[in-house]
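Undergrad: model the following, please.
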Amino acid sequence: MRAVGDKPTGSIGPGFDRSGGISLPTSLNRFIYPFILIVLWSAIFIATINRPALFDGASSYHAEAVREMLRSGDWVTMRIDNGIRYLEKAPLGYWLAAFAVSAFGLHDWTIRLPLAVFSLLLILLIFRFGARLWGGKAGFYSGLVMATCLGHYAFTRRFAPDLILSFFIAFSLYCYARITIEEIEPISIGPIDLWCAALYISAALAVLTKGLIGLIFPGATIFIHILVTGNWKILRRLQIGYGTIIFLIVAAPWHVAAALANSDFMWFYFIREHVLRFLEKRYPRDYGSLSPPAFWCLGLLWLFPWSAFLWGLVKSFPKPVWSREKTEQACLLLFIWIGVVMAFFTLGTAQEYYSFPCLAALALLLGKTLGDLETGRISPKIGIIGIGTMAVLTLSTGFAMIALTLIGGHGQAQTLSATLITNPETFLAIDHLRDLTPATFSYLAPLVYPTAALLIVGPLVALLFAARKRWMVSFLCLSVMMIGLCRMYNAGMVAFEARFGSKNLAEVILHDYRQGDKIVINDFYEKGSTLNYYTGLQVLVLNGSGGVLWYGLQDKSAPRLAITEEELLNQWKSANRIFLFSKEKPLESFIARHPDFSCRVLAEAGGKKILVNW
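TA: Got it, this is the predicted structure:
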């Protein structure tokens, strides 16, 4: 295996010996490095795969689309709420979850299983990618960054296709790097080079995972890389003609089948969900968007704790950018990859997790930085300053969390929801931080104190080893810290399970449900979509025909699920048994409009209630 060096023949560089020959990792390291990464992945991702329960919103109605796919046998047109068309997303992630559910049954962990598997595949791909670019140990550090950065874990807590998308984008660019930068010999079947075929198949699978960005991101990255380096002769090597045919063979069938099954698919999927959403003109606007500064700054958080080494990106930036030297070309490719993703979402709609497709490129560049620190190619003082700065910040954060916990007063609140501030509804998860109060920290003290301890101790221990130039031990200390922090992160989500999900209320409904009963959500469907998923029963929406159900309900063949307040009140007084689900504010508004409304509270949790008329 050839590693791309960044020194001329005769020099010592990653992957090269003194004579300019290839220095391969020892056979032992070939197994130890992936083994460590797999252990870290297991401790972080597999250990928490079954909790928390799915939350209201995208996670649960995406899981409902999987359940409905298996129930109906229709793998072309996805549906939610027992029959409403859901055309917003490409299907590959849902197909993979459906295969997992078919094999192991419908459980929260089987819904998450494809994300966990692709998380491992992405980690190992980045390790392999980095090892070929920078050498075995720097490749290991690239995988380490990918496995333990906060964003990788945080983004896999929701059932969404972004991680799978990121793997296919990374794999397509890995194939491009092998062809262009390493200039490997073709491995052909007939006239088709298998490395080129893998590039186009991966891009097609990315499109089947999350639409046209699966083609735009690798395509734009490759085009700009060729443009800047001036390496136009590589176009013949990339077999664009054969590649286009291969791409269409993989990507086109589902799109054609969906268009034949749904006459409005082409407009809805390509114009509404791609163009209008990017331009922030999609109706109804049931999503939020970060400001460009917030979107870029959050990238620092998602890279934690490895954002302490972001200064290394400056040293890795190619000088000049058009250099034909292979390490310079590799760095250029990674910077273009990051720039394409970040610029695209900066110009359009940006949510917290949209930067995920460029985390792999950042992990590769940071892996190079960590490797250069260990070999002395970068002054250790800079690395120590970086870890020291992070230690100061985490120390301050840890003590601030402890102070807020003490200020909140232990044991005064009986429920978590009672400690929170109810802010206006938001579509951005990050905005829920405004709900927290000192009383919240106090209520969650058993989680806050260990989290604060990890933030205080982890970077300080890593700094101690860095000062002694024990870099690998320092990096592993940060990785172990992240195992603990990710476990605490997950425990926090479990603590907020009742606030952001409704599984417990769904179980109450199932216990008392009788054939013919109706379940009504007093808001948009997604505000209580876990009721649909965990009961398997169709739900009605009161004054909430917008949101994710809006377009599906326009279909004349769709079941009528939107009801008016007048219809609800008439049925409420009849012999029909109704479960009315509502959050506090919509319920207060409803009661204010109908002060004589008579009901019984069957159950309540997380600021939500189930009201019944029996």
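
Undergrad: which residues of the stretch 351-500 of the chain score low on pLDDT?
TA: For the stretch 351-500 of the chain, applying pLDDT under 70 flags the ranges 410-413, 423-431.

Undergrad: would you map the helices across it?
TA: For the stretch 351-500 of the chain, the helices defined by DSSP state H, counting those that start in this stretch occupy 359-375, 380-408, 438-443, 445-467, 471-495, 497-500.

Undergrad: and the second one, what does it pack onto?
TA: This points to helix 380-408. helix 438-443, helix 445-467, helix 471-495 (3 or more CB pairs under 8 Å, 6 or more residues apart in numbering; DSSP states H and E). Backbone N, C-alpha and C define where each C-beta goes, glycine included.

Undergrad: would TSV of the helices of the stretch 351-500 of the chain with mean neighbour count and distance to K326 be doable?
TA: TSV is the format used below for the helices of the stretch 351-500 of the chain (neighbours: other CB atoms under 10 Å; distance: least, CB to CB, whole Å):
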stretch	mean neighbour count	distance to K326
helix 359-375	26	13
helix 380-408	17	25
helix 438-443	21	51
helix 445-467	19	30
helix 471-495	20	25
helix 497-500	20	48
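
Undergrad: for L290, find the nearest of those.
TA: For the helices of the stretch 351-500 of the chain, proximity to L290 was assessed by CB to CB; helix 359-375 is nearest, at 16.4 Å.

Undergrad: contacts only, for G606.
TA: 416-417, 496-502 (CB atoms under 8 Å, 6 or more residues apart in numbering).

Undergrad: now with 7 Å, please.
TA: 417, 498-499 (CB atoms under 7 Å, 6 or more residues apart in numbering).

Undergrad: which of these lies closest to L334?
TA: The nearest member of those to L334, counting by CB to CB, is R499 at 39.1 Å.

Undergrad: could I get the pLDDT score of the nearest residue to that closest one once chain neighbours are set aside?
TA: Take R499 and drop its neighbours on the chain: the residue closest to it by CB to CB, 6 or more residues apart in numbering is G606, 4.1 Å away. Looking at G606, its pLDDT stands at 87.

Undergrad: same thing with the one 3 residues further on?
TA: Taken from the predicted model, the pLDDT recorded for K609 is 94.

Undergrad: contacts only, for it.
TA: Residues in contact with K609 (CB under 7 Å, 6+ apart) are 582, 587, 601.

Undergrad: give me the below-cutoff pLDDT ranges for the protein.
TA: 1-28, 286-288, 410-413, 423-431, 545.

Undergrad: so which of the helices and strands packed on helix 380-408 gets nearest V340?
TA: Comparing the helices and strands packed on helix 380-408 by CB to CB, helix 471-495 comes nearest, at 27.7 Å.

Undergrad: what's the closest one in contact with?
TA: 40, 43-44, 48, 51-52, 141, 144, 148, 153-154, 157, 305, 370, 373-374, 416, 444, 447, 450-451, 454, 458, 461-462, 465-466.

Undergrad: name the secondary structure element that contains R285.
TA: If you go by DSSP states H and E, R285 is not part of any helix or strand.

Undergrad: residues in contact with it?
TA: Applying CB under 7 Å, 6+ apart, no residues contact R285.

Undergrad: now the most centrally placed residue in the chain: closest residue in space that isn't a chain neighbour?
TA: The chain has F155 as the residue nearest its centroid, 3.1 Å off, counting by CA atoms, centre = their mean. Spatially, and ignoring its direct neighbours in sequence, F155 is nearest to Y353 (4.7 Å; CB to CB, 6+ apart).

Undergrad: what number of residues lie near that neighbour?
TA: By the measure other CB atoms under 10 Å, the count of residues near Y353 is 18.

Undergrad: that one and I184, how far apart?
TA: 34 Å (CB to CB, to the nearest Å).

Undergrad: what helices and strands are in contact with the helix or strand harbouring L163?
TA: Following DSSP H and E, one finds L163 within helix 162-180. With contacts defined as 3 or more CB pairs under 7 Å, 6 or more residues apart in numbering; DSSP states H and E, the packing partners of helix 162-180 are helix 108-134, helix 194-210, helix 213-229, helix 326-347, helix 359-375.

Undergrad: do you know how far Q414 is from W337?
TA: For Q414 relative to W337 (CB to CB), the value is 50 Å.

Undergrad: most packed of the helices and strands packed on helix 162-180?
TA: Across the helices and strands packed on helix 162-180, averaging neighbours per residue (mean count of other CB atoms under 10 Å) puts helix 359-375 on top, at a mean of 26.

Undergrad: give the other helices and strands that it contacts.
TA: helix 108-134, helix 136-148, helix 162-180, helix 312-316, helix 326-347, helix 471-495.

Undergrad: list of residues touching the fifth one?
TA: Yep, that's helix 326-347 we're talking about. By CB under 7 Å, 6+ apart, helix 326-347 touches 4-6, 133, 173, 177, 181, 217, 220-221, 224-225, 228-229, 292, 295-296, 316-318, 321, 323, 354-355, 357-358, 361-362, 364-365.

Undergrad: distance of L395 relative to F159?
TA: Look at L395 and F159: by CB to CB, they are 35 Å apart.

Undergrad: just C149 next, same as before
TA: Remark: distance between C149 and F159 (CB to CB) = 20 Å.

Undergrad: cool, and I578?
TA: Here I578 is placed at a distance of 29 Å from F159 (CB to CB).

Undergrad: over to A138?
TA: Taking CB to CB, one finds A138 at 33 Å from F159.

Undergrad: when these two are compared, which one has more neighbours?
TA: Taking neighbours as other CB under 10 Å, A138 and F159 compare with A138 leading, 26 against 23.

Undergrad: pretty sure that one sits against G371.
TA: Yes: A138 is in contact with G371 according to CB atoms under 7 Å; the separation is 2.8 Å.
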